[in-house]
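Colleague: Give the three-dimensional model of this entry:
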Amino acid sequence: MAEEERVRRTTDLAWPRILTGVARKSKTAADIAMVGVAVGPAAIAGIGFAGPFWGLAFTLGGGLATGTITLVSQRYGAEAFDRIGQAVRTSGLIVVLATVPIAAALAAFPAELIGLLTDDAQTIDLGAAYLRVVAFGIPFAGLNLVGGRVLIGADDAWTPMVIRGGGAVANIGLNAALIFGLGMGVVGAAVGTVASNVLVTATFGFGLAAGRLPGLGALPVSLSFRGRYVDPATIRDVVRISTPAVGRRMVWTGARFPLLALVALFGSHVVAAYVISRQIWGLINTPGWGFALAASSLVGQSLGENDEDAAEAYGNEIMRVSVVTYAVGAAVVFVFADPIVAQFVDDPTGETVSVAVGLVRAAAVAVVARGVGGTYAGALDATGDTRWPFYSRAAGMFGAALPLTYLGATTTLGLWGLYLSYFGQSVVPAVVNRYRFSTGRWKAISRQYRPDSSVADD
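Modeller: Residues are numbered from 1 along each chain as shown. So this is what the prediction gives:
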């Protein structure tokens, strides 16, 4: 296949996922803004403290969905369509079994969990009220990730964008009605989130069962939900592929508690500046969502066709497109850092703004490396070689970002420790993942997960 054709397929898969990420982030911002207007700052704080617990379970579902896209993309590439249903049913079962206990714990002990992070009574009450309800949406959020990965693995990123983007719009509308119309406050925000996730799950389920969706036409795959769910071989494959991916996604969730504690040693104005820079970092990092999944899908499909050269070419070419895209966005943010930061805070003294501008510019430079690390992580996910991306993320956070932040807080390194921590969490994974992909060892690992494989090949 010509390089131009590979680039076209990459962009066709990546940009809908990027837009989905923008929609999700916009939805979160709108939720917080509405609650803040209706209830006040304590409600924002309560939802903020509930966020890590929701994110913990959601990360679990996303990691497990990695096994889905690996198996589906390889079976789709090999035209083994009759084996896709088993992969999807088993993946869905594992996600439900993994997330339901977490959802139950969050619903049963919300106040106790929020109380681990703050001793403010009003914040605990509001955060617990939100968490108690939103916990019921966790299994559905995990299933939504499986549904999206099924279609992306089958070369269709447009349909997940429409479904999940539509869910985000519905979430905003429901929240507006429940928060302002019915005066339900944080509980209204939680109910809206749960309802929108149930709606998205139902849409994915109906579409995959029927093989089409009204207004969107035929889907690339269809499957029966009446088949077998417990298949030992598929369970082993999904768990083996997904466990390191879950660990990789858990790294940031686990690291942000000590990281924020260390940032607090700099002072409250630095904490505010750092939170602002993290929000902007997240926005610049949105392209990575699309390119990583495009790499997973296209590398996996090539391996399903037993074309390892094409798989390698896709990984390298998607990385180059990703880096260029990141560089353009990062350059804009670097140049306009001052007015961008000014939109986040009213700072009469200028202390927070000046620190935030420096952090945002450091983040803008460092984030370009995410184009390398994220793309190769997605490519390695498709091969089943998911351990190295986990190692790289852990090394970046616990081996570089946290120690550098600590040194900045406790030595004359000062704010440079925070600047360098951004480079630690982006450059280290880029170097490690690039090295691992260049060795080609993933080719042998991938052979044990291909549809025509009967034995493991380590």
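Colleague: for the record, mean pLDDT for stretch 10-24?
Modeller: Averaged across stretch 10-24, the pLDDT comes to 70.
Colleague: do the same with stretch 100-108
Modeller: 91.
Colleague: So which bits of that stretch are buried?
Modeller: Buried residues in stretch 100-108, counted by 16 or more other Cβ atoms under 10 Å: I102, A103, L106. The C-beta positions use only the backbone N, C-alpha and C, and glycine is treated the same way.
Colleague: could you check the distance from the first one over to F204?
Modeller: Distance, I102 to F204, using Cβ to Cβ, to the nearest Å: 21 Å.
Colleague: hmm, back to that, distance to G137 and secondary structure for the buried residues of stretch 100-108 - can I get that in a markdown table?
Modeller: Listed next are those as a markdown table, based on distance: Cβ to Cβ, whole Å; DSSP: H, G, I helix; E, B strand; the rest coil:
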| residue | distance to G137 | secondary structure |
| --- | --- | --- |
| I102 | 12 | helix |
| A103 | 8 | helix |
| L106 | 10 | helix |
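Colleague: Keeping just the C-alphas, turn stretch 153-166 into PDB.
Modeller: Provided in PDB are the C-alpha atoms of stretch 153-166 (Å, rounded to 0.1, in the frame of the first residue of the first chain):
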ATOM      1  CA  GLY A 153     -10.900  -1.800  15.200                       C
ATOM      2  CA  ALA A 154     -13.100  -2.500  12.100                       C
ATOM      3  CA  ASP A 155     -12.000   0.800  10.400                       C
ATOM      4  CA  ASP A 156     -15.000   2.900  11.500                       C
ATOM      5  CA  ALA A 157     -14.200   5.800  13.800                       C
ATOM      6  CA  TRP A 158     -17.000   8.000  12.400                       C
ATOM      7  CA  THR A 159     -19.800   6.000  14.100                       C
ATOM      8  CA  PRO A 160     -18.300   6.000  17.600                       C
ATOM      9  CA  MET A 161     -17.800   9.800  17.200                       C
ATOM     10  CA  VAL A 162     -21.400  10.400  16.400                       C
ATOM     11  CA  ILE A 163     -22.700   8.100  19.100                       C
ATOM     12  CA  ARG A 164     -20.400   9.300  21.900                       C
ATOM     13  CA  GLY A 165     -20.500  12.900  20.700                       C
ATOM     14  CA  GLY A 166     -24.300  12.700  20.700                       C
END
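Colleague: Quick one: mean pLDDT over it.
Modeller: On average, the pLDDT along stretch 153-166 is 80.
Colleague: Equivalent analysis for stretch 297-306, please.
Modeller: Rounded mean pLDDT across stretch 297-306 is 83.
Colleague: got the contact list for that stretch?
Modeller: Residues from elsewhere that reach stretch 297-306 (Cβ atoms under 8 Å, 6 or more residues apart in numbering): 6, 9-10, 13, 69-70, 72-78, 80, 152-155, 157, 308, 310-311, 314-315, 318, 378-379, 382-383, 446, 450-452.
Colleague: Which of those residues fall within helices?
Modeller: Members of those lying in helices (criterion: DSSP state H): 6, 9-10, 13, 69-70, 72-77, 152-153, 308, 310-311, 314-315, 318, 378-379, 382-383, 446.
Colleague: Need the nearest residue in space to F136, chain neighbours excluded.
Modeller: Using Cβ to Cβ, 6 or more residues apart in numbering and skipping residues adjacent in sequence, the residue nearest F136 is V194, 5.3 Å away.
Colleague: for A330, same thing?
Modeller: A364 is the one closest to A330 (Cβ to Cβ, 6+ apart), at 4.3 Å.
Colleague: Check which helix or strand the one you found maps to.
Modeller: helix 351-366 (DSSP states H and E).
Colleague: ok, I47 to P220 distance?
Modeller: Applying Cβ to Cβ to I47 and P220 gives a distance of 37 Å.
Colleague: My error: substitute D119 in the last question.
Modeller: Using Cβ to Cβ, D119 is found at 52 Å from P220.
Colleague: When those two are compared, which one has more neighbours?
Modeller: P220 (15 against 8; other Cβ atoms under 10 Å).
Colleague: give me phi/psi at the more buried one?
Modeller: Backbone torsions for P220, taken as degrees, to the nearest 10, come to phi -70, psi -20.
Colleague: And for the one 4 residues further on?
Modeller: Phi and psi for S224, reported as degrees, to the nearest 10, are phi -100, psi 130.
Colleague: what does the model give it for pLDDT?
Modeller: In this model, S224 carries a pLDDT of 79.
Colleague: and what of G378?
Modeller: 87.
Colleague: Tell me, how many residues neighbour the closest residue to it other than its chain neighbours?
Modeller: Excluding its sequence neighbours, the residue lying closest to G378 (Cβ to Cβ, 6+ apart) is A292, at 3.2 Å. Neighbour count for A292, taken as other Cβ under 10 Å: 26.
Colleague: quick one on the thing from earlier: buried subset of the contacts of stretch 297-306?
Modeller: For the contacts of stretch 297-306, buried by 16+ other Cβ under 10 Å: 6, 9-10, 13, 69-70, 72-78, 152-155, 157, 308, 310-311, 314-315, 318, 378-379, 382-383, 446, 450-451.
Colleague: Please parse this protein into its domains.
Modeller: 10-230, 245-452 (automatic domain parsing).
Colleague: can you put the ones you listed in JSON lines and add distance to D237?
Modeller: Listed next are these as JSON lines, based on distance: least, Cβ to Cβ, whole Å:
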{"stretch": "domain 10-230", "distance to D237": "6"}
{"stretch": "domain 245-452", "distance to D237": "6"}
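Colleague: Of those domains, which shows the lowest average pLDDT?
Modeller: Averaging pLDDT over each of these puts domain 10-230 lowest, since it has a mean of 80.
Colleague: Now do it: distance from first to last residue.
Modeller: Length of domain 10-230, first residue to last, Cα to Cα, to the nearest Å: 34 Å.
Colleague: Could you check how far it is from the centre of its chain?
Modeller: With Cα atoms, centre = their mean, to the nearest Å as the basis, domain 10-230 stands 11 Å off its chain's centre.
Colleague: One more: stretch 414-430?
Modeller: 20 Å.
Colleague: helix/strand/coil for the residue lying closest to S73 once chain neighbours are set aside?
Modeller: Distance criterion Cβ to Cβ, 6+ apart; nearest residue to S73, sequence neighbours excluded, is G300 at 2.9 Å. Three-state call for G300 (DSSP: H, G, I helix; E, B strand; the rest coil): helix.
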